[in-house]
Every structure is written in C-alpha cells, then in structure tokens.
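Participant: Return atomic coordinates for the entry below.
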Amino acid sequence: MTEAHPSESTCNHTPSLSRRRFLAWSSLAVAAGFLRFPAQASAAQPGSVRAVPLAQVRLTPSLFLDALHTNRRYLMRLQPDRLLHNFVLYAGLDPKAPAYGGWEADTIAGHTLGHYLSALALMHAQTGDAQCRTRAGYLVGELARCQAHAGDGYVAGFTRKNAAGQIESGRAVFDELKRGKIDPAPFYLNGSWAPLYTWHKLFAGLLDVHAHCDNAQALQVAVSLAGYLQGIFSALDEAQLQKVLSCEFGGLNESFVELHVRTNDAQWLALAQRLHHHAVLDPLVAQRDELAHQHSNTNIPKLIGLAREYEVTGDAASGAAARFFWHTVTDHHTYVIGGNGDREYFQQPDSISKFLTEQTCEHCASYNMLKLTRHLYQWGPQAELFDYYERTLLNHVMAQQHPRTGMFTYMTPLLAGEARGWSSPFDDFWCCVGSGMEAHAQFGDSIYWQDGQGVYVNLYVPSMVHDAAGLDMTLHSALPEQGSASLRIDAAPAEQRTLALRVPGWAQQPRLQLNGQPVDTAASDGYLRITRVWQRGDTLSLAFDMPLRLEATSDDPAWVSVLRGPLVLAVDLGDAAKPWSGKTPALIGGQDILQRLQPVPGKTAFVYNDGVQQWQLSPFYAQFDRRSAVYLEHRDAAAWQQRQTELAAVAAAQHALDTRALDRIALGDEASEKAHALQGGNSNPLSYRRRPGRDVRTGGFMAFTLRNTAQARILRLRYWGDETRRRFRLLADGELIANERLDGNRGLEFVDVDYALPATIAGRDTLQIRIEPETGYSAGPAFGCWVLASA
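Facilitator: Numbers count the residues shown, from 1 in each chain. Model prediction:
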C-alpha cells in the first residue's frame, strides 16, 4: 500500500526569491563549478549554443516548482544507508541498515543509488540545497570506503544468481567474463540483471556529483571503477565484447567519453569507442530504421553516447547516426504525449493507432530522448527540437509524478479507460522511479541557452536566470494554460545582446511588445529576435493564440487527439479507483467537430455534446487519479455505424468459439485458472489490450488441466501476432505437440493457432497441457486456450 502524506501540500510555494539571495546562490554555484554536461566540453566539441548552467537558474512559483518541491520531499525520505546496503555487504563490510525491497532486492540492486546521486546533485544545483549536497557527499564517501576495501577499484551493489540458484556478489560475473565465459541475454549477463546498465547509473551519478557538487572524490571513485572495467574489457576480443554488449548496458559509452573529458585521459575515450554495439548502431550509422521490436530505453542511451563522441571527436558518422535516430523516433515512433514504445519496445514505424494499449510510454525512454534532444540542439539551435521537448516535458514527464505523494509511473497508458499505476515509496524502485527522481530535479536546465551574441529562450517556465550572456532576467509565464509570457531585464552589460524567443510550432498569431509597444518583427527559424543594448527594467511581452486542434495518427486518420497550445487534452472517464464503465468516447461528425467543444468558464477544460454523448476534456498530464482517453475515434456517422457492425461481428465470432469449445481456460483469469488446476513456475498473469493472459519466463513452466472427450482433435491458443523472441514447447499429456516460435510475423492483431492433438489422448477424461520456454527465451503470452473437435 502506497504510503502517502496528504498534509504535504503541493501548492506550498516558497516566497519569491530576492534578487540578492538569488545572486548569492548563483555566484557560489559558479565558483564551485557546478556545470553538468554538455556545459563541460573539450575543445573539439562542435556546436554553437550551450545551456545556461543549472546553478544559474532558479524556478519561481509554477507547476514545475511544485513538482520540484514534491520530489525533494521524497528524496529526503530515502535512507542513504539502505541504498548502500549491498555495496557495503559485498565489499566485506557491515551494512548500517537493511536493503530496500522491489528491484533493490533483485540482482539489479544498486541502480537506484546511481539515480539518487544524480537527483541529489541536480537538486542541489537547481536550488542550492545544502542537505542534498551533504547526502551526496556521504554516499560518495561510503562508496570510496567500499572500493578501498576491495582494493582493485570494484564497487557494486548488484548481485547474481549462480547455477545452484544461490545469490552471490556480482563480482563473479566479471571473473567469468575475464575468463571468456559469456552467457548473455537481452537483460541478463551471466545470471545478473543488466549489471553494466547498473554501473552506467552509478557512473552517471558520480559524474553528476563531481560536476554539480564540486566533489573530487566522486571522480576518483569513477576513475578507479573504470580502471577495474578496463581490465575486464581488455581481456575480451571484439567478438566476445559484442556478446557482452548484447545485454543492456545503458549509456556506458557516454560515461567513458565524459570521463575522458574530465580527466583528459585518452584511454577512456578509446574504451568508449570500443563499446559500440554494432547490431544496433551500424544500421543507424547507415541511416536505416531497423528499430521495430528493439527495446526502446536499452538503445536510446547508446545514441546519447554516440552524440557525446561526436561532440568530443568531431566524428561526423556518430553525429549523423544520433540525429537520424532522433528524427526516426520522433517522426515515426512517438505518441502524441511525446513518449514511445509499447511494452517498452519500438513497434513498426507509423503504426501508433495499432498500439494504443495499457503499456505505452515508459518514462525512462522519454527522459533519455530529452537528453538526446539537448545534445542535438547545442549543435545548432533548431526550434523544432524544443517543440518536441516542450510537448514531452508537459504531457509525459509532468504526468509521471503524483503531485501529492511524489510517486512515479512506469508506463503511461494510452488505452482509453486506463489509469496510471504509481510506485510505492520503498518497495518498487523501478528504473522509472530512478529517472523520475532525476527528471523532477532539473526543470531549469533547458530554459535558457546562450551563444556569443545573446540568449535563446526555449521554454516558458517561470524562473530567474543570472549571467546568461551577461544578462540577469526574470521570466513570467501563463503557459501552458494561457498563451502569454514576459521577460524582464534585471541587469545587463553595456554591449548589445540578442534575445531570441522561441515561437512554438503550435502558436498562432505571435505578438511581441517591448516596454508595452508593439515590435514589428517576423519569426525566423522559429524565433523572434531583438538585438539592442538592454536596460534594467526592459520588458518583452509575448502572446499567441492557442485554438483547439486535432492531430491524427500518421497511420490512421480516424484516430485523433485534441490539443490546445502545448497541452494534450484527454476525456476524463472517471475516478481511477472505480471500475470503468467501458463506454469509449468518440467524435462522430465531420471536420467541424471542434465546434462542438465548449469551454468551461475558469478552467482549462471543454465539454463535448453531440446529443448522444457528453463528456469533458481537460489536460491529460493533470488527470493523476482519473481514467483517461487521449486518442479518440473520429468518424462520420456512416463510418461509425460500419465500425460498430465490425466490432459486433468480432464479438459474435468469439461467442461462437466459446460455445463450441469442448473446454477452455481463460489464462490470466484467477477463477478460470483455479478451475483448471493451473500450476506454474516463473509464470505471471498479465493483461494486454484489456485481454487477460499469462506468460512463462525462462526456466519456468505453466501447466493446466482441460476436459477431454472422444471428439477432441485441436488445441487452440491465442497470441498477439507481433510477439517476438519467443521459443517454447507445447506438450499434451507429456507428449510434444509443437515447438513454437513467435517472431513478429503474424500481423498487428490477435491470432489463433491450432495444434493437432495426438491420437494417444483418446479415452482419457482429462488433458494435461504444459508450456515450457527454451533456455534464454520466454513463452507466450497466451491469451486463452480452447479444446475443439475441429478447426
């Protein structure tokens, strides 16, 4: 049960910052060198703009400051010594506190500590909070103590399950790798859940603490750990290394590039360039989209690593691959809220309407896409990059944190009628809890960008900035609800500076005023620019219209979303704690459909009424405890009636199948599974596209009993046609009836597959079905099983 603190109001704004206090914080931060990449760069780095360092930006009251405060409260509830438990234990020392649960009790333990280090460092830079810096320093000191006790640079919290099923130190994985024993799977390496991914989180956290907290010890720990890893990788030839890289390794290549920049040691750049996963990266270098069925967040960090290599080395192929990947994902694999992936995987390009499910949009993937966007922008300011950034930040990232509890989502479901699922404070620690900690600690990192001539304002987030190209400024904004913002000059140099204000792609009729007077200037490359010698008190006011609009999916114009300005609106389908009625809203009519949406006075909300349906639209991100519908079917009356006829035919066919079945089991349904004596190991019930099902993970099984008759000839199982990388055996009363392979070649729909039952079952009253995956693979999921007399 989620532990909540309802007394902690999310509207608890701090008093407005005085300019003197702000400048004091900022000067301390600059003096301490709190610069996060890509602010720190080698001389070879291409590009023309840099983000104003986070420590020079302070948020002022807004939904972003609310989220920042909520996140800080959660960060302070976590106990550093509990996150350190495994690090200390497997260093041979005595832990000071028990380990947390969830993923921290699995072999991926330790990944949260890396995220936590980053979150503390970012929060310190964003706010000047000394307690965050102190906590980060304590964690680094304890890691250094563990590392010193190990003696060879090794420090880790992850574990591994050995062949005997026992949990042991993750060091055993790397002892085996060094000897050439490599047993990889996409998320497991020699019995450990993605240990290199976990180390990437630790490296990132250490580097963030070094950058933002002026902590030299953090860099020393990172260098020592890198030395240990260099010894492992140097023992592997190229083929062996590629086998290792087939298991998720996060953005470890990026970490080593950054380590090179921090230390000026060329061996780390060479190691980063060795960590080039050819199977994934080579097609992107060749400008080919082969992303379908690839795990989204496994691969985005690899491209961030390539982007960083380009910045440091100038290697054009690396930069082109990162840019091609970004455009491919955002143009062909992205949902309207900015997220990507279904069940964490990229689907076929331009197939969004076929993948509106309860398992869309993993937060980590969006968080890392925003990181990649920042890299691309610094290579040359393009406003379209921040159209994507703004949309994803507002509609996915801001939807991912609960404003009252501070908890996080893993997926953000886009299937109509679904609600968000929230983490618990101490018993989950998913990857998206970690990326959530980070994302909600750094809202000021991309508002302001600077070059040699002036400042680009890319996000209209209320804030104050110090020394952006010599300017101190205060940004007020009514966005995202209303289309207006203003920028006041608080201090300025005697030289000319250019202010470039981004005109969002959704904005209509942009209007600019300087000190209350209209400015006759047109947008160029997505920016309104003014160059002058600025005076204290000068104020730029920007306004634009935000009419409602429809956006259709690229693959099916009948599926649309309603937007206003940067916000995606969704139909509110009721309390998440209550069952959904099952009535899916639709837009029935022609192109004038938006005229039926009437504003609700005083709210960012609209009521739709066509005489048959009536419902309300409001910003999706804010529907934290509601069931939502983001995508709506938009059809004229005739097409809508045809659609209902098609759905009725599907329902009738299902009823006919169930009626003629000699017996059937609804896999994933507790009552049906109990009635059929289902047993399993490493097998889980699930729901996909609102259909219950069950899978089996490697090393497991599921078995159930069906009624048998003399007429039984066919066993039918149902799968999702685009399922991939599934290998399993089907047995009936111990006799093999099929070796099944699901390779994503059966269409974007549920498919029924028939298997002939052996003649030997005749005369038996029952039929025992068993499903076993091959080693290293999963089975199913299966969404039902029927015994039939004929196909």
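Participant: residue contacts, residue 337?
Facilitator: Residue 337 sits next to 361, 391-392, 395-396, 399, 412, 414, 568, 620, 630 when contact means C-beta atoms under 8 Å, 6 or more residues apart in numbering. Where C-beta positions appear, they are placed from N, C-alpha and C, glycine not excepted.
Participant: Looking at those, which are in helices?
Facilitator: 391-392 (DSSP state H).
Participant: Give me the neighbour count for residue 739.
Facilitator: 10 (other C-beta atoms under 10 Å).
Participant: Got phi/psi on it?
Facilitator: Dihedral pair for residue 739: phi -110, psi 110, per degrees, to the nearest 10.
Participant: measure it to residue 615 for me?
Facilitator: Residue 739 sits at a distance of 49 Å from residue 615 (criterion: C-beta to C-beta, to the nearest Å).
Participant: same question, residue 92
Facilitator: Distance, residue 92 to residue 615, using C-beta to C-beta: 61 Å.
Participant: of those two, who's got more company?
Facilitator: residue 615 (16 against 10).
Participant: name the element the more buried one belongs to?
Facilitator: strand 614-619 (DSSP states H and E).
Participant: Who are the packing partners of that strand?
Facilitator: Where contact means 3 or more C-beta pairs under 8 Å, 6 or more residues apart in numbering; DSSP states H and E, strand 614-619 is packed against strand 567-575, strand 606-609.
Participant: TSV for those strands, including distance to residue 335?
Facilitator: Output for these, formatted as TSV (distance: least, C-beta to C-beta, whole Å):
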stretch	distance to residue 335
strand 567-575	9
strand 606-609	21
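Participant: so which of those strands comes closest to residue 765?
Facilitator: Of all these, strand 567-575 sits nearest to residue 765, with 46.1 Å by C-beta to C-beta.
Participant: now that closest one: how far from the chain's centre is it?
Facilitator: Distance of strand 567-575 from its chain centroid, counting by C-alpha atoms, centre = their mean, to the nearest Å, is 21 Å.
Participant: That strand to strand 614-619, inter-axis angle?
Facilitator: 130 degrees (axes from the mean of the first three to the mean of the last three C-alpha atoms, to 10 degrees).
Participant: Now do the SS call for the closest residue to residue 70 other than its chain neighbours.
Facilitator: Among residues not flanking residue 70 along the chain, residue 406 sits closest, at 4.6 Å (C-beta to C-beta, 6 or more residues apart in numbering). At residue 406 the chain is in coil, as set by DSSP: H, G, I helix; E, B strand; the rest coil.
Participant: hang on, residue 406 packs against residue 74?
Facilitator: Yes - counting by C-beta atoms under 8 Å, residue 74 is a contact partner of residue 406 at 3.7 Å.
Participant: Which stretches in the stretch 651-791 of the chain count as strands?
Facilitator: Ranges of strands in the stretch 651-791 of the chain, per DSSP state E, counting those that start in this stretch, are 663-665, 679-688, 691-707, 714-720, 726-732, 735-742, 750-756, 766-773, 779-782, 785-788.
Participant: what mean pLDDT does the shortest one have?
Facilitator: Within the predicted structure, the mean pLDDT of strand 663-665 is 96.
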